[in-house]
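okay, structure incoming, though there's no sequence with it:
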C-alpha cells in the first residue's frame with residue numbers, strides 16, 4: 001500500500017513539475033510579438049560566431065551585394081575571382097545574392113550553391129509605396 005501511495009505521489013508531483021517547466025518557457029518568444037526591430041540589446045543572447053568589428057577574431061568586414069539578379073551569366077564572370085579567393089581563405093564562398101527572376105532549374109545555380117553562395121528571394125517590381133512610382137525627384 002505504501003508503494004502505491006509513494007508511486008501516486010511521485011506521479012502527481014512529476015506532472016506538476018512538468019507544468020511548471022512548460023509555464024516557465026511558454027512566453028520566451030513574446031518579445032517577437034512587437035514590431036520592434038531594436039529588441040536586441042547588450043543583454044541579448046550572444047551570437048555563435050564573432051561577427052562584430054572589434055570583436056576578437058574579426059579582422060575585416062566586406063559587404064558585397066548583388067540586387068535584382070535576373071541571370072547568372074554576367075555575375076559569374078564578375079564573381080568568379082572573388083569566389084575562388086574566398087574558397088582559398090575559408091574553403092567556401094559565402095556570398096549572398098538577391099534574385100528576382102531566375103530559373104531554379106539552371107544547372108549553374110547548383111554550382112554556386114555547392115560553393116557556398118546563397119540565393120535570396122526578392123520582389124520582381126518593388127511594390128512598396130516608396131518605390132512604386134519611381135518619382136524620386
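Ah, there it is. In this text the structure is predicted, and so the values were computed from the model without any measurement. Numbers count the residues shown, from 1 in each chain.

every contact and neighbour count from this point should use C-alpha atoms.
Will do.

ok but residue 120 is inside a helix, no?
No - read with DSSP: H, G, I helix; E, B strand; the rest coil, residue 120 is strand and lies in no helix.

bridging residues for it?
Beta-bridge partners for residue 120, by DSSP bridges, are residue 98.

so it makes contact with residue 96?
Yes - using Cα atoms under 8 Å, residue 120 is in contact with residue 96, at 7.0 Å.

more crowded one of these two?
Neighbours per residue (other Cα atoms under 10 Å) separate residue 120 from residue 96, with residue 96 holding more: 16 against 13.

was I right about that one contacting residue 68?
No - between residue 96 and residue 68 there is no contact under Cα under 8 Å: 11.9 Å.

all helices for the chain, in order.
Secondary structure of the chain by DSSP state H: the helices cover 2-25, 73-90, 107-115.

lowest average pLDDT across those?
Note on the helices of the chain: helix 2-25 shows the lowest mean pLDDT, a mean of 62.

ok, now how distant is residue 94 from residue 41?
Counting by Cα to Cα, to the nearest Å, the gap from residue 94 to residue 41 is 27 Å.
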